[in-house]
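Visitor: below are the sequence and a predicted model for it; my questions follow.
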Amino acid sequence: MAAETASVGSGRTAEAPDIARHVLHSLALRHGREAILPLVVVVMIAVFSLLSDVFLTVPNFRNVGVAAAALAAVSFGQTFAILTAGLDLSIGAAVALVSVTSALAMRRYGIPAGIGTALAVGCLAGLVNGLVVAKLKVFPFIATLATMSIMSGLALQLSAGVPVTGVPDSFSNLAYDRLFGIPMPVVIALLVLVVAALILRYTRVGRHIYAVGGNEEAARLSGIAIDRVKLFAYVLSGLCAAVGSLILTARVASGQPSLGTSLPLEAVSAVVLGGVSLFGGRGSVIGVAFGVLFVSILSNGLNLLNVSSYTQMMVIGVALIVAVAVDQAFSGKRGK
Amino acid sequence: MLQVPVIIMDEPTAALSEREACGLLRIVRQLRSEGVAILFVSHRLEEVRGIADRITVLRGGRRIETLEARALTNTSELISLMVGRPIEELFPPRNRTIGDVVLSVRGLRRDRFFSSVDFDVRAGEVLGFAGLVGAGRTEVMRAIFGADVCNGGTVSKRGRQLSIRGPRDAIAAGIAYLPEDRKEHGLVLCLSGAENVALASLGRYGAAGLVSWRRVSRAARSVASSLQFRGDIQAPAVNASGGNQQKLVIGKWVLTGSDVLIFDEPTRGIDIGAKAEVYRLIHKLAAGGAAIVVVSSELPELLHICHRIMVMSAGRVRDELKEPEFSEQRILAAAFAGHMTTEDAEPARAG
């Protein structure tokens, strides 16, 4: 409790270091957890720069950005689900389903129809998840595990298990276009970040997401329509998965029914590493952006050092366990 | 049994019913007779007087006084030391301007919990609900608020029958419910105090589904100062003391502008200074024309702040007392009425 307050008014220089220490101390207390990851990312960048000549170059950072963009969009969506104390494991399958359906639509009706289809399918996928979780009261873990299977099956059926070709070049080129030197996928991911941050901070439903995740019963007794809030969170998660899917579809220039299989794990890792509590109600998309950077830079750096992707999988797994353990420790201390 | 020289008990009876507490105190006495020194921390003053040999009063982190329990003539002496002012100021004078009936409950029923509950509350009136733990008082209040379903009966406000399907409807109708357990049901502990007080009225601080933090802060600051909230309203609610947390929950309902406020155990587990402030707030709200219902397991509290007391036992209202006829014996008799055989219960109901 902030019982002591530094006397700022006196203005004597001798007290300045005390005040600075006090401010730093309270910042560390309030934001300590949020500050750890950016520091880790900076240290990681420094280490990889020393170990690899290629790492700290503009082309490589463009690579990291393009590779991170889809994961970023999907992770920002996942953040909404996890903030409600939920989980969306179906995002990988949603990415595949969106990829297949949007490629099919694009091939026949053009790019705008393809993008429209992608966003609609993403919303629909999220709506189904939200209804199963909020109305049927199925545990989010099980609900989205089941819809993952449904969506994955649907994607494979629609595509007959083979990639959907015929995606227009002008669409797949988007993955390599640049805006002021920044790759288009990164621009899109940043846009999603800004919108997600604004929703969570400045809209009523955004604040309700935090309240529902922080204490569902208290939120209900405060008149919050928790079903609608959860529905909204899962729809946003599906929508973000659709955006991520468009980025990936453009990169591979085809509709892939096997796209995004590693995304659920990577997105959950990025979100939890980014300081969002699996218990709900705590965390921010800015933190998640650092989580995405961590996962993407780690993978890029290890690639440059010729570490096999199998080893990378193990590293990500360990990082996820560490992040969740830290979350548990913090939640325990705060008495949940 | 393990022999320990000293046992420190911190609010050991806070979560116990009267009967369970008696059992615990018996054990404490037995330990004392076996030569164990006991440090007994409690906010139940009668209990402290009953069990302690010496009593130390702390206030604001300082020791105020240590006295022999035998030297104490009454509890109010103890309260004065704790509050730092005379006891008369603990309970504020009752609001004296009573208006029309605001809330009417008729034949309210929830199977296995309570049945045929009828009562009215008037503007400016404080209606108490006494009874044992498990008598069904909380369940009645939750049903009125729409937190639980009920199987029959009507709730009307100012003569208009309400159809309440959930807390949202109740809040929209101007009914507020301060739950028994503030941490589990009242607050989102990880959010700031300001956000907690704004939670039930968030739509008012910004248009088109947006939230203006400036307006939230302004509302929170004004309610914090009127409730004498001490601490940082921008800090997470989990950091606030029990009394301050309770003020946050009260503040939340004050900001909704509700004119029916149901307080379920409003002073449970908060210190006596904060209690005095909660009582004052209740009467301030009543003086402002709100109809107030207070559920409490502390009889002295009900006897001092209510205009009328309903007594429930085993899911039914057993007795109703108006202020001049308040009597602890009569309330207790009614509170146990549902637990006696039919022959025993009859005289109690008549009394």
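Guide: Arrived safely. Numbers count the residues shown, from 1 in each chain, chains lettered A, B, ... in the order given.
Visitor: tell me which element the closest residue to chain A within the stretch 251-351 of chain B falls in.
Guide: Nearest residue of the stretch 251-351 of chain B to chain A: B:Lys252, at 6.8 Å (C-beta to the nearest C-beta). In short, each C-beta sits where N, CA and C put it, glycine included. Assessed by DSSP states H and E, B:Lys252 sits inside helix B:242-256.
Visitor: what count of nearby residues applies to residue 320?
Guide: Chain wasn't specified; assuming chain A. When neighbours are counted by other C-beta atoms under 10 Å in any protein chain shown, A:Leu320 registers 18.
Visitor: oops, wrong one, chain B.
Guide: 14.
Visitor: three-state assignment of it?
Guide: strand (DSSP: H, G, I helix; E, B strand; the rest coil).
Visitor: could you pull up the contacting residues of it?
Guide: By C-beta atoms under 8 Å, 6 or more residues apart in numbering or on different chains, B:Glu320 lies in contact with B:Phe119, B:Arg308, B:Ile309, B:Met310, B:Val311.
Visitor: mind pulling the model confidence for the residue sitting nearest the centre point of chain A?
Guide: With distances taken as C-alpha atoms, centre = their mean, A:Ser75 lies nearest the centre of chain A, 1.3 Å away. Listed pLDDT for A:Ser75 reads 97.
Visitor: name the SS class of it, please.
Guide: Quick answer, by three-state DSSP: A:Ser75 is helix.
Visitor: for it, what are its contacts?
Guide: Taking C-beta under 8 Å, 6+ apart, one finds A:Glu266, A:Ala267, A:Ala270, A:Val271, A:Gly274, A:Val288, A:Gly291, A:Val292 in contact with A:Ser75.
Visitor: ditto for A:Val243
Guide: So A:Val243 contacts A:Ala73, A:Gly77, A:Ala118, A:Leu119, A:Gly122, A:Ile188, A:Val192 (C-beta under 8 Å, 6+ apart).
Visitor: one more: B:Glu11?
Guide: For B:Glu11, the contact set (C-beta under 8 Å, 6+ apart) comprises B:Val41, B:Ser42, B:His43, B:Gly269.
Visitor: can you check A:Gly317 too?
Guide: A:Leu265.
Visitor: any idea how far chain B is from it?
Guide: 28 Å (C-beta to the nearest C-beta, to the nearest Å).
Visitor: the stretch 101-250 of chain A against chain B: which residues are in contact?
Guide: Proximity of the stretch 101-250 of chain A to chain B, by C-beta under 8 Å from any C-beta of the partner chain, involves residues A:202-208, A:210-211, A:214-215, A:217-225.
Visitor: tell me which of these fall in helices.
Guide: A:202, A:204-208, A:210-211, A:214, A:217-221 (DSSP state H).
Visitor: let me know the closest of those to chain B.
Guide: Among these, A:Gly214 lies closest to chain B (C-beta to the nearest C-beta), at 3.8 Å.
Visitor: follow-up on the earlier one: by neighbour count, which of the contacts of B:Glu11 wins?
Guide: Neighbour-wise, the contacts of B:Glu11 (other C-beta under 10 Å) top out at B:His43, 19 neighbours.
Visitor: let's see stretch A:148-162 as PDB, backbone CA atoms only.
Guide: The C-alpha trace of stretch A:148-162 is given here as PDB (Å, rounded to 0.1, in the frame of the first residue of the first chain):
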ATOM      1  CA  MET A 148     -10.400 -26.900 -34.000                       C
ATOM      2  CA  SER A 149     -11.100 -30.400 -35.200                       C
ATOM      3  CA  ILE A 150     -14.300 -29.300 -36.900                       C
ATOM      4  CA  MET A 151     -12.600 -26.400 -38.700                       C
ATOM      5  CA  SER A 152      -9.600 -28.500 -39.700                       C
ATOM      6  CA  GLY A 153     -11.800 -31.200 -41.100                       C
ATOM      7  CA  LEU A 154     -13.900 -28.600 -43.000                       C
ATOM      8  CA  ALA A 155     -10.800 -27.000 -44.500                       C
ATOM      9  CA  LEU A 156      -9.400 -30.400 -45.600                       C
ATOM     10  CA  GLN A 157     -12.800 -31.400 -47.100                       C
ATOM     11  CA  LEU A 158     -13.300 -28.100 -49.000                       C
ATOM     12  CA  SER A 159      -9.800 -28.300 -50.400                       C
ATOM     13  CA  ALA A 160      -9.800 -32.100 -50.900                       C
ATOM     14  CA  GLY A 161      -6.600 -32.000 -48.800                       C
ATOM     15  CA  VAL A 162      -4.600 -30.200 -51.500                       C
END
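Visitor: now B:Val117, what's its secondary structure?
Guide: Applying three-state DSSP: B:Val117 is strand.
Visitor: using the three-state scheme, assign the closest residue in space to it that isn't next to it in sequence.
Guide: Distance criterion C-beta to C-beta, 6 or more residues apart in numbering or on different chains; nearest residue to B:Val117, sequence neighbours excluded, is B:Leu108 at 4.2 Å. With three-state DSSP as the basis, B:Leu108 sits in strand.
Visitor: dump the residue contacts of B:Leu108.
Guide: Per C-beta under 8 Å, 6+ apart, neighbours of B:Leu108: B:Phe114, B:Ser116, B:Val117, B:Asp118, B:Val140, B:Ala143, B:Ile144, B:Cys150, B:Gly152, B:Gly153, B:Thr154, B:Val155.
Visitor: just the buried ones from the residues you listed, in ChimeraX syntax?
Guide: Per 16 or more other C-beta atoms under 10 Å in any protein chain shown, the buried members of the contacts of B:Leu108 correspond to this ChimeraX selection:
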select /B:114,117,140,143,144,150,153,155
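Visitor: just the contacts of B:Leu108: which are in strands?
Guide: B:Phe114, B:Ser116, B:Val117, B:Asp118, B:Gly152, B:Gly153, B:Thr154, B:Val155 (DSSP state E).
Visitor: where in the stretch 1-150 of chain B is pLDDT low?
Guide: Residue ranges of the stretch 1-150 of chain B with pLDDT under 70: B:1-2, B:60, B:85, B:87-88.
Visitor: what residues does it put near chain A?
Guide: So the stretch 1-150 of chain B meets chain A at B:Phe145, B:Ala147 (C-beta under 8 Å from any C-beta).
Visitor: mind doing that once more with 7 Å?
Guide: B:Ala147 (C-beta under 7 Å from any C-beta of the partner chain).
Visitor: SS state for the residue nearest to B:Ala21 when sequence neighbours are not counted?
Guide: Residue nearest to B:Ala21 in three dimensions, not counting chain neighbours: B:Thr13, with 4.1 Å by C-beta to C-beta, 6+ apart. Assigned with three-state DSSP, B:Thr13 falls in the coil class.
Visitor: residue contacts, B:Thr13?
Guide: B:Ala21, B:Leu24, B:Ser42, B:Arg44, B:Glu47 (C-beta atoms under 7 Å, 6 or more residues apart in numbering or on different chains).
Visitor: at 10 Å instead, please
Guide: With contact taken as C-beta atoms under 10 Å, 6 or more residues apart in numbering or on different chains, B:Thr13 is in contact with B:20-25, B:28, B:40, B:42-44, B:47, B:51.
Visitor: cool, and B:Ala21?
Guide: By C-beta under 10 Å, 6+ apart, the contact set of B:Ala21 is B:Pro12, B:Thr13, B:Ala14, B:Ala15, B:Ser42, B:Arg44, B:Glu47.
Visitor: again with A:Val195
Guide: A:Val195 touches A:Phe76, A:Leu236, A:Cys240, A:Val285, counting by C-beta under 10 Å, 6+ apart.
Visitor: since we're on the first one, how many residues are nearby?
Guide: A:Phe76 has 31 neighbours, counted by other C-beta under 10 Å.
Visitor: hmm, A:Thr117 is touching A:Ala242, no?
Guide: Yes. The pair A:Thr117 / A:Ala242 is scored as a contact, 9.1 Å apart, by C-beta atoms under 10 Å.
Visitor: residue numbers of the stretch 251-351 of chain B in contact with chain A?
Guide: B:Lys252, B:Trp253, B:Thr256 (C-beta under 10 Å from any C-beta of the partner chain).
Visitor: now those residues in TSV, with neighbour count and pLDDT?
Guide: Listed next are those as TSV, based on neighbours: other C-beta atoms under 10 Å in any protein chain shown; pLDDT from 0 to 100:
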residue	neighbour count	pLDDT
B:Lys252	26	95
B:Trp253	26	95
B:Thr256	21	94
